[in-house]
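Asker: sequence isn't available, so here's the structure alone:
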């Protein structure tokens, strides 16, 4: 199943559609969604991207001026894109060795983002990687819980 074929631009998915599409990842997805609503008091904004790299509907999470990234539904998980400012780079690099090895390497090799910071895209298909993502978001803004 390809996300942008199942839900083309003229067929916006519901949150239930996203949960079902994620398959066995559904309980982790629902927990993560609940976490962001509780810890950051934010709800996702659903947008459509025609970008060649990740076309289709995605979710953006933001609280005030802090962006927690973009979530791209995938069968059995999600792809996440997160960007942080250069002023958070030292803290993110200190966090990196405590992350799962593959994600730690991604953080260390993060790309420059429009001369404003660094970013990366990674696939999450386990609770462990999602917990790492939450810890990366906490570097950007401490959760309320």
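Answerer: Nice, I can see it. Quantities reported herein were computed from a predicted structural model and do not represent experimental measurements.
Asker: could you look up the SS state of the spatially most central residue of the chain?
Answerer: Among the residues of the chain, the smallest C-alpha distance to the mean C-alpha position (C-alpha atoms, centre = their mean) belongs to residue 80, namely 3.2 Å. Following DSSP: H, G, I helix; E, B strand; the rest coil, the label given to residue 80 is strand.
Asker: now do residue 128
Answerer: When the rule is three-state DSSP, residue 128 gets the label helix.
Asker: hang on, it packs against residue 99?
Answerer: No: with contact taken as C-beta atoms under 8 Å, residue 128 and residue 99 are classed as non-touching, separated by 9.2 Å. Where C-beta positions appear, they are placed from N, C-alpha and C, glycine not excepted.
Asker: more neighbours: which of these two?
Answerer: Legend: neighbour count by other C-beta atoms under 10 Å for residue 128 and residue 99, higher for residue 99 (21 against 13).
Asker: which residue sits closest to that one, ignoring its sequence neighbours?
Answerer: residue 132 (4.5 Å; C-beta to C-beta, 6 or more residues apart in numbering).
Asker: now swap in residue 137 and tell me
Answerer: What sits nearest to residue 137 in space, not counting adjacent residues and going by C-beta to C-beta, 6+ apart, is residue 68, at 4.8 Å.
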